[in-house]
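Engineer: Structure for this input, please:
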Amino acid sequence: MAGFIVESPVWQLELDVRTQDDLVTLVEDIADDARRACPVDSEDLLNSIETAFQPGVGYINVGTDHWAPTEYGSDEHEIHPRAPGGRLAFFWLKVGRDVVFQRVQHPGTPAQPFMRPALYRRRKPRGRS
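Structural biologist: Okay, here's the model as predicted:
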């Protein structure tokens with residue numbers, strides 16, 4: 001499962017003086033912002049954003065294999081079936097029907113960042129002035 005681990009030395013110093021509850025709140029806030037900014041197509045990307053915790057450490061996991069091309073964009077590329085001799089079958093919205101191909105030339109996608117803006121958003125610590 002791919003994901004982000006917040007390991008900035010500056011953040012670590014600030015988190016050391018807080019409780020585990022504060023860490024959970026911060027990580028959940030970041031994950032909620034990522035979910036709000038997440039582009040929604042089939043909802044699998046959105047539904048894969050999860051949090052996990054260990055003492056003093058919070059994780060935000062994005063559990064799809066296409067999160068990186070969504071976050072960073074992708075260049076034009078050819079898509080092949082996973083199985084040798086296999087076929088790619090999918091509904092093609094542009095033609096309005098199911099299609100089957102041996103390979104597909106994908107035009108690439110623009111970046112649609114959802115994790116980085118959530119992660120780097122300036123936040124005021126709750127309960128502090």
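Engineer: Any stretches of the protein with poor pLDDT?
Structural biologist: 1-18, 125-129 (pLDDT under 70).
Engineer: can you list the domains in it?
Structural biologist: 1-74+109-129, 77-107 (automatic domain parsing).
Engineer: Can I get those domains in CSV including mean neighbour count?
Structural biologist: C-beta: built from backbone N, CA, C; applies to glycine. Converted to CSV, the domains of the chain look like this (neighbours: other CB atoms under 10 Å):
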stretch, mean neighbour count
domain 1-74+109-129, 14
domain 77-107, 10
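Engineer: Longest helix of the chain, counting residues only.
Structural biologist: helix 20-37 (DSSP state H).
Engineer: ranges for the helices of this protein?
Structural biologist: Using DSSP H, helices in the chain cover 9-16, 20-37, 44-47, 67-72, 115-120.
Engineer: Can you tell me which of those is nearest to Arg97?
Structural biologist: Closest to Arg97 of the helices of the chain is helix 44-47 (CB to CB; 22.4 Å).
Engineer: chain center to the closest one, what's the gap?
Structural biologist: 8 Å (CA atoms, centre = their mean, to the nearest Å).
Engineer: again with stretch 62-78
Structural biologist: For stretch 62-78, the distance to the chain centre is 9 Å (CA atoms, centre = their mean).
Engineer: what distance separates the start and the end of that stretch?
Structural biologist: End-to-end distance of stretch 62-78 (CA to CA, to the nearest Å): 24 Å.
Engineer: Identify all contacting residues around that stretch.
Structural biologist: By CB atoms under 8 Å, 6 or more residues apart in numbering, the residues outside stretch 62-78 that reach it are 1-4, 34, 39, 44-45, 48-50, 103-116.
Engineer: 10 Å instead, please
Structural biologist: 1-4, 31, 34, 38-39, 41-42, 44-50, 61, 103-117 (CB atoms under 10 Å, 6 or more residues apart in numbering).
Engineer: Could you do stretch 86-94 as well?
Structural biologist: Counting by CB under 10 Å, 6+ apart, 79-82, 97-104 sit against stretch 86-94.
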